[in-house]
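1. Need coordinates for the below:
(chains A, B and C)
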Amino acid sequence: MQVFLQTLIGGVTFGAVYALVAMGFSIVYRTMGLVNFAHGSVVMIGAYAASTFYMATHVPFAIAIVVAIAVTGLIGLVIERFLRPLENKDFTLMLIGTIGFGAVLEAGAVLVWGATGHAVPSPVATEPLDLAGVRIPTYNLVVISVAALATGLLALFLQRTKRGAAMQAVAMDHQAATAVGIHVGRSNAMAFAIGAGLAALAGSLIGPMLYVNPTMGGTLGIKGFAAAMLGGFGSMPGAIVGGVAFGLLDAFAAGNFQEYSELVTFLVFAVVVMIRPTGIFGEATVNRA
Amino acid sequence: MKRLAFLVPVGVAAWLLPYGLGGYSMHVVAVAIIFAILAVGLGLTMGVAGQINLAQVAFFGVGAYTVAILCTRAGFGFWSAAVLALLVSVVFGVLVGIPALRMQSHYLGIVTLGLALAFTNWVTNATVAGRAEGISDIPVPVLFGLELSSAYLFYYVELVVFALALAFALFVTHSPLGRRLRAMRDDDLAAGALGAEIPLLRMTAFVLSGVYGGLAGVLYAGLIRFVAPESFNIANMFLLLAMVIIGGRASILGCVVGALALAAVREALLDVSAYAQLGYGIVVVLVVVFAPTGLAGLPHQFRRLLRRHGSGARLRLGPFQPYEQVAHAGDGENVLEVQGVTMRFKGLVALDDVSLTVPPGQIRGVVGPNGSGKTTLFNIVSGFYTPSAGKVRLRGLDVTGARPYRLSLRGVARTFQNLRLFEDLNVRENILLGLDRTRTSWIWRYAGLPWKVFGYQRALDARADEIIARFGLADFADAVPRALPYGIQRRVETARAMAMSPSLLLLDEPAAGLNGEEVRQLAEIVRSIRDSGATVVVIEHNMGLVMSLCDRITVLASGKVIAEGTPAEVAIAPAVVQAYLGDSMAAPTETAVEEATR
Amino acid sequence: MFSRRISIAAVALLALAACAPPGQSAESGAGATGPIKIANVNAQSGQLSSLGQWEHKGVKLAIEEANKAGGINGRQIQLDLFDSQGDPTVGTNVARKISAEGYIAMLGTAESAVTLAMAPILKDAKIPNITSGQSPKLAELKSPFLFLNAPTSVTFDETLAKYLIDDKGYKKIALISNNGAYGSGEHDAFLAALKSRSVTPVADEVVTPDQKDFNSNLAKIREQGPEVLFIGAEEVQSGLIAKQSRELGIKSIFAGGAPMGTDVYADTAGLKNAEGSVVSSPYLSNEASDQIKAFAAKYKAAYNEEARMHVAKAYDGASIMIEALKQTNGEGGQKLADAIRGVKRAGLLGDYTYDANGVGIHATKIGLVKDGKVVPEVAS
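-> Predicted coordinates for the structure are as follows:
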């Protein structure tokens, strides 16, 4: 039982991070129909930006996160400008174009920060909580609550603000949104910037849990993508549920299948997606008729 | 075939290459050829058939590992192991292809990527696969008593294999099978309606992927004589993708050029790899944004730029040459019987207990306000939807819920409301697709009896010429549909449907967007089609056309049949007048009624 | 007519190819003049590039010193760096490249899998290779041209097991290792060392090199309450495992090979969590001896960063190569391999005496991590 609960803790924590990554994928996808494979690399840049700033200036970690979100959001705008010709276009081109962008970001990180990477000291130094033998590191709680907070804020933004409503409209019907006077280009840029900001948040949060280096984005990107798909691509609640589900799948596979965990994780994932290609919350755009 | 004549000097040059290269360069070339074979395989699956397959590098690994395991653990000879390895990678291809039956595009991409990761994970763990350190000491392959230990000798083996693989890929792309694969890439629904078995075609694409991956893997095992998990990782998959995209994914030769070019560049930048990665990322982005057809598409892009300045001769749509009249087989059996069909979508009832019977040789009109379920009815008859209740019979045979390709092969042809021509195929190829009536299971001939395929293709070509001439499309045969005026595209779609020699033709708003003269020609064409022995059902809003053309008319409103009869009867039926009141569509006018009853 | 011409041409080509397979242009052997070409092959990109970059710095330092001191009997050494990208396929490419371009010796790589892939080609080309890999498989190859500049995992883990069990008397030992080339080598070697002492581990968890969340594996280990947790993974992952273990309340002593003696491990785990980790390594710290202190100072002056084991062993390997080259007067091939085998050197990692399997060092020392630095453990 303890093993089970402890596995659950780890799964949920990493699941929260996957959920943030998945939300970044989804918000870009639903608004502009772009599958951004560079997202994992943007997470990596976010992690570097936050940790470098945090370690160089010793400001509170929250401020470092804000700085990272700003930097990465800016990078997001640049990428969006470059890839604009691909939006709503041929999927294969989009795939390879964003992968190319990811390669550029990764190589850039090697040139700027070097290949070695660095460890980030944990910003929360208190002892883990102990609940009947199940230990919950305080930083994990921070990660989970920040992720939940970000999700809440994003939901508020999308539902309660004019900008957010405009983005929702663009997501539902591109042409109709244009017709009622919504600036689609601005909405798209905004979605991309928010996506990049979410990536930065995920990256900053995971930095102190892991080790920041130029190749960290690959796995996070793939797992976040898979999480988004599991929940239903383009659906925000789907991204959260999918993220946590994938985190748990990963954690329990590691405990029960040891070195074969990756094999099991992806086989299970493939089977689940086979059974329900549109994910838990569904997406109408698969196999568009 | 003449266009490929330049391959002859290239082949000779390749044969003589070893005389001009040092030992190391030879090895680099040998590795590049392996990547070229992989790229051809990926080009076939992704570029031609449109299946996002990110597991190509795993097929490569399956081939190489199978050879390694069989040679070192089970004492097989290299060549017998090679044959088994090919089989294993094909099986693997089929397994990885299964998800493609349920999903496409990025979904398929991430699932295949996941399966590739699963493969790498397995070889890293399995003792039989040498775990993380891989398998060394793969024996030197021996051919005709000659040890192929030097890169030179192995190069010739590779060259022969590569030439055969390339020839086969070119043969497949330029054959009816390749055409169907490309049609499936452009629009799988329309391809299905034309008789392409989509599931089988998708599996075919993955089998091809497996064959080429396995082939490359076998050569890799023979050349490097060492396998380890890192060689089949995601980074190499992305390198392979970049090769295919930069070369031009829809062109097999483009893929080869891309693979050779990138292999050379990678070699040249071996010592500055951080910058190399930066450079290759930038090149990929630039290619994707500015030259989406890759290197192979560049000549075409230039030509188009040039042509924009010169003006070609004005092209004309020729007159339609009517079909010969054929007496209808008078067995009196109804061609189409729809019995009590109901279609529900998540609570919405699109069709409610609709029945309809069409005897042979009739032109049946289906009219009704927007949203009355006309196109849904067509989608059921052509097999796109399975009705929630009710039956559909073709000449007495129950075909309820049959797949579109089956109905197509049974003689049901259709056109689409929004035109579904294959945009990347020219007019002739669109029509050839209609003509190709083979089952996909026929494809064993591609491997077994390729000359039969050539013969078949020649026969199809002749018949395509005939149809193109009949529909007056000779001037446009080599144009792609999107470059043509709307009216001509409509005619191409009708010609494509008629290429299928259907016994039942479903026309969905064939007059939409046509001018008066074109509508008149359309009526003439439809009558002639009926006279040639086909039965026609037409959905149309143009009441003048419906009244003059149709023998009988069925009126739908809110998913129900509210009237059926001759044009004259229907035009005055109170329910019809009622249904049309307040609807934006004009009710049948008196002139139309007069015209119809004349 | 046309086709006949083609077939004639084809036959001619076939004949050409069959009876005169083009031979390699004359090997440019070790000429008596000009620089002596040595290749350094290491990953400069990809996951393991930090390792590759350290190794290269160590090699470069040794060669530059030798060149300043007059080279090999007056001839300079030309050192060229090749990037293996951590990929065995690229490694085989590079192996062929250096054999074709007249390099007479090779230093590197730090990844055993890449070295294993290159070994047969280098053996055929008679190019001696001093590698930084430490997989037992390297020694199992018994290639006369392959030498290790460090002990294999067997030595590392034998020393470790001897200390933990024979000296300290621990009996409850748990293992966690990854399934990569390094991790699985460590796992097998340590398990063998335990077996020879009839100790059965209380837990044996295996993870993947990419894994970041070890909660489930560690929770299982925690249930067994081991006295010692052996970690067989690279620097970063070892650090993550140590950190998460402490977070889960595992109180065991951590033990492992060279990666646990690095600052990367200590930083990733957190200094507090790494405290007291037992390290088995031939190179414990930059202060272990006067010789090492001098080297560390030299290194710091050259690159403005702290020396570490990877640097030191690469430096040792290069120094051995230089010594052997002096004996053969710059000649390569079998002669050079024999000379390397004959070198007896008191290096930074210990005393090198090569055995038939190409292993030069047969002992490691035990150290404890104190405040992020390794302090030698004096035998009690």
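2. Flag every buried residue along the helix or strand bottoming out on mean pLDDT in chain A.
-> Lowest by mean pLDDT, DSSP states H and E among the helices and strands of chain A is helix A:174-179, with a mean of 76. By neighbour count with 16 or more other Cβ atoms under 10 Å in any protein chain shown, helix A:174-179 contains the buried residues A:174, A:177. Placement of C-beta: from N, CA and C, glycine included.
3. I'd like the next helix or strand past that helix.
-> Remark: after helix A:174-179, the chain's next helix or strand is helix A:184-206, criterion DSSP states H and E.
4. Now do that next one, average pLDDT.
-> Confidence for helix A:184-206, expressed as mean pLDDT, is 88.
5. Same check on stretch B:281-289?
-> Across stretch B:281-289, the average pLDDT comes to 85.
6. quick check, that stretch touching chain A?
-> Yes. Stretch B:281-289 comes into contact with chain A (Cβ under 8 Å from any Cβ of the partner chain), by way of B:281, B:282, B:283, B:284, B:285, B:288, B:289.
7. what does that stretch contact?
-> A:82-83, A:85-86, A:93, A:96-97, A:99-107, B:242, B:245-246, B:294 (Cβ atoms under 8 Å, 6 or more residues apart in numbering or on different chains).
8. does any part of the helix or strand hosting residue C:189 sit near chain B?
-> Assigned by DSSP H and E, residue C:189 belongs to helix C:181-196. Yes. Helix C:181-196 is in contact with chain B by Cβ under 8 Å from any Cβ, via C:181, C:183, C:184, C:185.
9. Give the other helices and strands that that helix contacts.
-> helix C:112-124, helix C:136-140, helix C:153-161, strand C:173-178, strand C:203-207, strand C:228-232 (3 or more Cβ pairs under 8 Å, 6 or more residues apart in numbering or on different chains; DSSP states H and E).
10. before we move on, the earlier item: mark which of the residues of stretch B:281-289 next to chain A are buried, thanks.
-> With burial judged by 16+ other Cβ under 10 Å, the buried subset of these is B:281, B:283, B:284, B:285, B:288, B:289.
11. any idea whether residue A:265 is helix, strand or coil?
-> helix (DSSP: H, G, I helix; E, B strand; the rest coil).
12. State the distance from it to residue B:268.
-> Between residue A:265 and residue B:268 the computed distance is 38 Å (Cβ to Cβ, to the nearest Å).
13. neighbour count winner among the two?
-> Between residue A:265 and residue B:268, counted using other Cβ atoms under 10 Å in any protein chain shown, the more crowded position is residue A:265 (25 against 11).
14. That one is in contact with residue A:253, isn't it?
-> Yes. The criterion here is Cβ atoms under 8 Å, and residue A:265 meets it with residue A:253 at 4.6 Å.
15. Do you have the strands of chain C handy? List them.
-> C:36-42, C:77-83, C:105-108, C:129-131, C:146-148, C:173-178, C:203-207, C:228-232, C:253-256, C:278-281, C:344-346, C:351-353, C:365-370, C:373-376 (DSSP state E).
16. Would you convert the ones you listed into a markdown table that also reports mean neighbour count?
-> Shown next, in a markdown table, are those (neighbours: other Cβ atoms under 10 Å in any protein chain shown):
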| stretch | mean neighbour count |
| --- | --- |
| strand C:36-42 | 25 |
| strand C:77-83 | 20 |
| strand C:105-108 | 29 |
| strand C:129-131 | 29 |
| strand C:146-148 | 26 |
| strand C:173-178 | 26 |
| strand C:203-207 | 22 |
| strand C:228-232 | 28 |
| strand C:253-256 | 24 |
| strand C:278-281 | 27 |
| strand C:344-346 | 13 |
| strand C:351-353 | 16 |
| strand C:365-370 | 20 |
| strand C:373-376 | 19 |
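17. Out of the ones you listed, flag the one nearest chain A.
-> strand C:203-207 (4.1 Å; Cβ to the nearest Cβ).
18. hmm, back to that, any idea of the mean pLDDT in the helix holding residue C:189?
-> Average pLDDT, helix C:181-196: 91.
19. tilt between that helix and helix C:153-161?
-> 50 degrees (axes from the mean of the first three to the mean of the last three Cα atoms, to 10 degrees).
20. Output helix C:181-196 as CSV - backbone C-alpha positions only.
-> This file holds the C-alpha atoms of helix C:181-196, laid out as CSV (Å, rounded to 0.1, in the frame of the first residue of the first chain):
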residue,chain,number,x,y,z
ALA,C,181,25.9,0.4,-21.1
TYR,C,182,27.4,1.9,-18.0
GLY,C,183,24.6,1.1,-15.6
SER,C,184,24.2,-2.5,-16.6
GLY,C,185,28.0,-3.1,-16.5
GLU,C,186,28.0,-1.8,-12.9
HIS,C,187,25.0,-3.8,-12.0
ASP,C,188,26.5,-7.1,-13.3
ALA,C,189,29.9,-6.4,-11.7
PHE,C,190,28.5,-5.4,-8.3
LEU,C,191,26.1,-8.3,-8.3
ALA,C,192,29.0,-10.7,-9.0
ALA,C,193,31.0,-9.2,-6.2
LEU,C,194,28.1,-9.7,-3.8
LYS,C,195,27.6,-13.2,-5.0
SER,C,196,31.2,-14.2,-4.3
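21. got a list of contacts for that helix?
-> Contacts to helix C:181-196, defined as Cβ under 8 Å, 6+ apart, come from residues B:131-133, C:111-113, C:134-137, C:152-154, C:156-158, C:160-162, C:165, C:173, C:175, C:177-178, C:200-201, C:204, C:206, C:209, C:230, C:232-234, C:256-257.
22. switch to 6 Å and redo it
-> With contact meaning Cβ atoms under 6 Å, 6 or more residues apart in numbering or on different chains, helix C:181-196 is reached by B:131-133, C:112-113, C:135, C:153-154, C:157-158, C:161, C:177, C:230, C:232-233, C:257.
23. any idea which of the residues you listed has the most stuff around it?
-> Most neighbours among the contacts of helix C:181-196, by other Cβ under 10 Å: residue C:232, with 33 neighbours.
24. Look up which residues are beta-bridged to it.
-> For residue C:232, the beta-bridge partners under DSSP bridges are residue C:177.
25. in terms of contact, does it touch residue C:176 like I think?
-> No. The criterion here is Cβ atoms under 6 Å, and residue C:232 misses it with residue C:176 at 7.3 Å.
26. how long is stretch B:401-417 end to end?
-> Taking Cα to Cα, to the nearest Å as the measure, stretch B:401-417 stretches 22 Å from start to finish.
27. quick check, residue B:212 in a helix?
-> Yes. Counting by three-state DSSP, residue B:212 is found in a helix.
28. wait, doesn't it sit right on residue B:41?
-> Yes. With contact defined as Cβ under 6 Å, residue B:212 counts as touching residue B:41 (2.5 Å).
29. okay, those two: which has more neighbours?
-> Legend: neighbour count by other Cβ under 10 Å for residue B:212 and residue B:41, higher for residue B:41 (31 against 28).
30. Contact partners for that one?
-> So residue B:41 contacts B:209, B:212, B:213 (Cβ under 6 Å, 6+ apart).
31. host element of the closest residue to chain C within the stretch 151-289 of chain A?
-> Nearest residue of the stretch 151-289 of chain A to chain C: residue A:255, at 2.8 Å (Cβ to the nearest Cβ). Element membership of residue A:255 [criterion: DSSP H and E] is helix A:236-257.
32. ok, that helix near chain B or not?
-> No. On the criterion Cβ under 6 Å from any Cβ of the partner chain, helix A:236-257 is out of touch with chain B, staying 9.9 Å away.
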